[in-house]
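# My questions concern the predicted model and sequence given below.
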Amino acid sequence: MAESSSSTPDPALLQRARQLPKVLLHEHLDGGLRVSTLLALLRERGIAPPAPDEDSLAAWFDARAHAGSLEEYLRGFALTVAAMATPEALARVAFEAAEDARAEGCVLAEFRIAPLLFEPHGVSGEAAVAALLHGLSRSPLPSGLIICGMRHESDAQIARAADLAIASHQWPSEPGAARVVGFDLAGAEAGFPAGRHAALLARVKAAGLGLTLHAGEADAGERVLEAARLGASRIGHGVRLADLLDGPEAASVLAEVRAHGMHLEICPTSNLHTGAAASLALHPIHALWRKGVGLSFHTDNRLMSRIDHSTEAAQLVAAGFGWGELVQMGLHAAGASFLGAEARAAAQGQLRAWAAAEGLVLR
């Protein structure tokens, strides 16, 4: 289990959380490396680590996790991207991410990354995607890859990322192998609205890719609605949507949310670290869930936030959610997955079977 910078849940609670089948929709591969792997890759590439051993490197990330803003939180990625910048390292990181998720009880997972970040280090976008798919496919966990464009980059570079997603989505693959399943706009949000890429996002959708956009994390709730209007069926984070559900337009906003079939990929611990929420007790996930918004919980960046999926689940239960509610979130997540119908149905079947064995009544 990855160590967490959050308070450690009761051991019995954590043990049950490990047994809960989980669906992972929001995890950045370059934010989820094992500490031991990052240290080894930095040494292999001749890059001086910011700390000399695993314990001190873990402590370094613990300290950075509490930066308090999205921009500061994102700075640690320069280190991981440099460490991962060979096809062999990319495949290793992807495989370990899938295996770590499987060890946490995940029954379906989607991982995301911006492959063009590796080009300045000598790895083409196509080679990066091929290596990542190879690594994911080595694990028996049903998984897919979401390609990200970085919002702060030029329109031309974001279009290149989308073109790579469209092309690699069409690559032939063996049955059961991981495939590119979606496209995302990630990175610094404020000042970089998704609306400027409307035509590009429409082209992505027309090519058959799933579309999920980061929105409403470091910008206003209106950005969540904008993302849905642009065709995103899922929203990365989306927590500021809660602000719109506590005002005079709440009824019309909620009606639009439901009309779009919107699903929020919420990352509670990460939201605390980036300043999107003040505490887990006050996290918008509570209000959003009470309003009936489709959502689920995820890790975002296992390394950067020092969190794992089981601890995330246990902390939600400690904060007042019931186990049946977590199962229901998992069912929502599986239904919103970009993987095929067979994988989605299998994941939902495992969630329902666990709920029945635990005597839980689902709403």
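Okay, I see it.
# State the number of residues packed around the nearest residue to E217 once chain neighbours are set aside.
Among residues not flanking E217 along the chain, H237 sits closest, at 3.7 Å (C-beta to C-beta, 6 or more residues apart in numbering). Any C-beta I mention is one placed from the backbone N, CA and C, and that applies to glycine too. When neighbours are counted by other C-beta atoms under 10 Å, H237 registers 29.
# what about this protein, any weak spots by pLDDT?
Where the chain drops to pLDDT under 70, the residues are 1-7, 70.
# if we can go back for a sec, how near is the residue nearest to E217 to L225?
H237 is 14 Å from L225, where distance means C-beta to C-beta, to the nearest Å.
# Which residue ranges of the stretch 201-350 of the chain form helices?
For the stretch 201-350 of the chain, the helices defined by DSSP state H, counting those that start in this stretch occupy 222-229, 241-244, 250-260, 268-274, 285-290, 302-305, 309-318, 323-336, 341-357.
# For the last one, buried residues please.
Yep, that's helix 341-357 we're talking about. 343-344, 346-348, 350-352, 354-355 (16 or more other C-beta atoms under 10 Å).
# got the contact list for it?
19-21, 23, 107-108, 142, 323-324, 327, 330-331, 334-335, 337, 362 (C-beta atoms under 8 Å, 6 or more residues apart in numbering).
# Now, of those residues, which are buried?
Buried, going by 16+ other C-beta under 10 Å: 20-21, 23, 107-108, 142, 323, 327, 330-331, 334-335, 337, out of the contacts of helix 341-357.
# among the residues you listed, which two are most distant?
The most widely separated members of the buried ones among the contacts of helix 341-357, counting by C-beta to C-beta, are P142 and W323 (23.2 Å).
# returning to that earlier point: who are the contact partners of the residue nearest to E217?
Contacts of H237 by C-beta under 8 Å, 6+ apart are 214-217, 264-267, 271, 276.
# do that again at 7 Å, thanks
For H237, the contact set (C-beta atoms under 7 Å, 6 or more residues apart in numbering) comprises 214, 216-217, 265-267, 271, 276.
# Repeat that for L303.
31-33, 35, 38, 61.
# can you rerun that using 8 Å?
Residues near L303 by C-beta under 8 Å, 6+ apart: 2, 31-35, 38, 61, 76, 80.
# immediately after whatever helix or strand A159 lives in, which helix or strand?
Element membership for A159 (DSSP states H and E) is helix 155-169. Of the helices and strands lying after helix 155-169 in sequence (DSSP H and E), the nearest is strand 179-186.
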